[in-house]
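model the structure of this input:
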Amino acid sequence: MKMQVAASTTAQQREESFKKWLERKRMQTERRKAEEIMRQYRTNERLELENKKRQRDKEEKLAEWIKKKEEEMKCMFAT
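This is a model prediction of the structure:
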């Protein structure tokens, strides 16, 4: 029966392999951080737009209420 010899890796090959792995992990971590930053940015943008819309709606309702009250006052003094 023949014995197969396992190919052994040299210290240099192991080091290169580890460096490549480490670089992939670093890039993966950076990509995750960048994605999280962009997700947070989009969330903040959406919330800001919602707040602006809410504020605009409030202002429009107030303007309508003021106009209505002014018209009521005119009618009261006109009669």
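
CA atoms for contacts and neighbours, from now on please.
Noted.

low-confidence ranges, the chain, go.
Along the chain, segments meeting pLDDT under 70 span 1-7, 79.

can you give me the helices for it?
Applying DSSP state H to the chain gives helices spanning 11-78.

tell me, what residue is most central in it?
residue 39 (2.0 Å; Cα atoms, centre = their mean).

how near is it to residue 25?
21 Å (Cα to Cα, to the nearest Å).

count the neighbours of residue 71 for me.
11 (other Cα atoms under 10 Å).

how close does it sit to residue 15?
Counting by Cα to Cα, the separation of residue 71 from residue 15 is 84 Å.

do the same with residue 74
Between residue 74 and residue 15 the distance is 88 Å, computed by Cα to Cα.

same deal with residue 58?
Applying Cα to Cα to residue 58 and residue 15 gives a distance of 64 Å.

quick one: contacts for residue 58?
Residue 58 makes no contacts at all, as judged by Cα atoms under 8 Å, 6 or more residues apart in numbering.
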